[in-house]
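1. the amino acid sequence is not available; the structure is as follows:
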Ligand SMILES: Nc1nc2c(ncn2[C@@H]2O[C@H](COP(=O)(O)OP(=O)(O)OP(=O)(O)O)[C@@H](O)[C@H]2O)c(=O)[nH]1
């Protein structure tokens with residue numbers, strides 16, 4: 001069985017290692033304030049661990065040292081929580097600030113007051129465990145209830161803090177309601193429990209940062225920066241999830257090209273042309289259902305994939321789009337600009353047809369629409 005000195009030493013060393021890793025991460029990405037909060041959380045728990053490691057076998061530390069250790073550990077939990085709020089881009093309300101100050105200060109006050117009132121050290125430890133439970137619950141709630149983005153790695157962190165919360169609550173309950181005393185055995189169990197959980201938390205934080213960066217990179221690689229629609233790579237990826245062969249349903253593609261766009265650029269300038277493209281994309285999105293997909297296919301060429309849509313329904317959609325563009329002038333630099341669109345439609349005919357072949361047919365239909373005078377639909 002590992003003795004307390006060895007456990008305390010390994011707890012301190014692992015925190016020092018995490019501190020080094022987070023310091024490098026934070027220095028490399030200074031603008032990510034949450035990394036600084038998490039670095040602070042690790043530093044606070046490292047300082048707590050160093051103080052404990054100085055006299056690992058002494059279970060009755062003086063008041064001042066106990067106060068400092070409890071404050072460091074509470075500060076660590078609170079900085080974990082504030083780091084998560086920053087990670088999700090959230091600010092701090094006055095009530096949140098007041099509650100974290102109360103949580104951090106209460107165990108220290110208990111250290112000071114309880115011996116003075118003649119109560120036992122067990123009460124002080126229970127107060128610390130109750131505050132730590134509250135802080136851990138705040139972190140779990142932040143991740144699970146107020147979850148703003150889908151990251152698998154945040155679930156690992158939530159589970160770790162959930163286990164922390166249960167462990168802390170159980171410890172407080174046992175100290176308060178049973179005759180359990182702080183002993184070498186309980187100290188050893190606490191350090192082992194903390195060692196395992198802190199690995200989950202800190203590795204989880206690194207994974208959360210990495211997972212989000214990956215998703216953002218993929219999003220950038222698959223999105224057209226001007227319009228926010230898919231680019232060609234993005235639609236290829238999205239199509240992998242689409243079940244073309246779902247029984248009894250067809251998928252249609254619509255290829256639209258803004259008419260005489262060169263003239264728009266010539267009269268409004270390239271920036272004005274860009275505004276027209278952005279406004280068009282917004283109007284298109286407003287007409288789409290949630291599972292329709294829009295792509296900026298080329299300069300002023302847009303593709304829409306309409307899953308589970310018959311060719312007649314796709315034609316009705318295209319007509320709504322064409323009419324909306326024709327009848328509502330675009331306001332560009334306070335000038336009303338008339339824009340029209342030509343559209344080609346094709347159906348992905350199962351079972352042998354492919355997306356690429358359907359797009360080629362839609363392109364030929366679009367060419368016909370242009371040749372027949374523009375501002376029309378061909379299929
Ligand atoms: N502002 C702006 N213009 C673009 C962009 N991409 C392509 N264009 C312009 O779009 C115009 C396309 O011109 P054409 O292909 O000749 O077609 P058109 O003038 O729309 O004529 P039709 O398609 O035959 O009706 C060119 O002038 C391109 O420079 C862009 O991102 N922003």
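-> Arrived safely. Just so it is clear, the structure is predicted and the values come from calculations on it, not from any experiment. Residues are numbered from 1 along each chain as shown.

2. thought residue 49 was touching residue 8?
-> Yes: the pair residue 49 and residue 8 passes the contact test of C-beta atoms under 8 Å, sitting 7.0 Å apart. Bear in mind the C-beta positions are built from the backbone N, C-alpha and C, glycine included.

3. tell me what the helix or strand bottoming out on mean pLDDT in the chain is packed against?
-> In the chain, the helix or strand scored least confidently by mean pLDDT, DSSP states H and E is helix 94-117, which has a mean of 86. Where contact means 3 or more C-beta pairs under 8 Å, 6 or more residues apart in numbering; DSSP states H and E, helix 94-117 is packed against helix 63-87, helix 121-144.

4. any chance of those helices in TSV, plus distance to residue 188, mean pLDDT and mean neighbour count?
-> What follows is the helices and strands packed on helix 94-117, written out as TSV (distance: least, C-beta to C-beta, whole Å; pLDDT from 0 to 100; neighbours: other C-beta atoms under 10 Å):
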stretch	distance to residue 188	mean pLDDT	mean neighbour count
helix 63-87	17	90	21
helix 121-144	15	90	21
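
5. residue 2: which of those helices is closest?
-> The closest of those to residue 2 is helix 63-87. By C-beta to C-beta, the value is 20.6 Å.

6. now do the closest one against helix 94-117, angle only.
-> Per axes from the mean of the first three to the mean of the last three C-alpha atoms, to 10 degrees, the angle that helix 63-87 makes with helix 94-117 is 170 degrees.

7. relative to helix 121-144, how tilted is helix 63-87?
-> Calculated by the same axes, to 10 degrees, helix 63-87 forms an angle of 10 degrees with helix 121-144.

8. centre of the chain versus helix 63-87, how much separation?
-> 24 Å (C-alpha atoms, centre = their mean, to the nearest Å).

9. same check, this time on stretch 226-244
-> Put simply, stretch 226-244 sits 21 Å off its chain's centre (C-alpha atoms, centre = their mean).

10. please apply the same query to stretch 282-301.
-> Put simply, stretch 282-301 sits 25 Å off its chain's centre (C-alpha atoms, centre = their mean).

11. just the buried positions in it, please.
-> 284, 292, 293, 294, 295, 296, 297, 300 (16 or more other C-beta atoms under 10 Å).

12. ditto for stretch 210-230
-> Under the neighbour-count criterion of 16+ other C-beta under 10 Å, stretch 210-230 has 211, 212, 222, 223, 224, 227, 229, 230 buried.

13. farthest pair within the residues you listed?
-> 211 and 227 (26.4 Å).

14. quick one: contacts of stretch 102-111?
-> Contacts with stretch 102-111, where a contact means C-beta atoms under 8 Å, 6 or more residues apart in numbering, come from 63, 66-67, 70-71, 74-75, 77-78, 123-124, 127-128, 131, 134-135.

15. if you set the cut-off to 7 Å instead, what comes out?
-> Stretch 102-111 has contacts (C-beta atoms under 7 Å, 6 or more residues apart in numbering) with 63, 66-67, 70-71, 74-75, 78, 124, 127-128, 131, 134-135.
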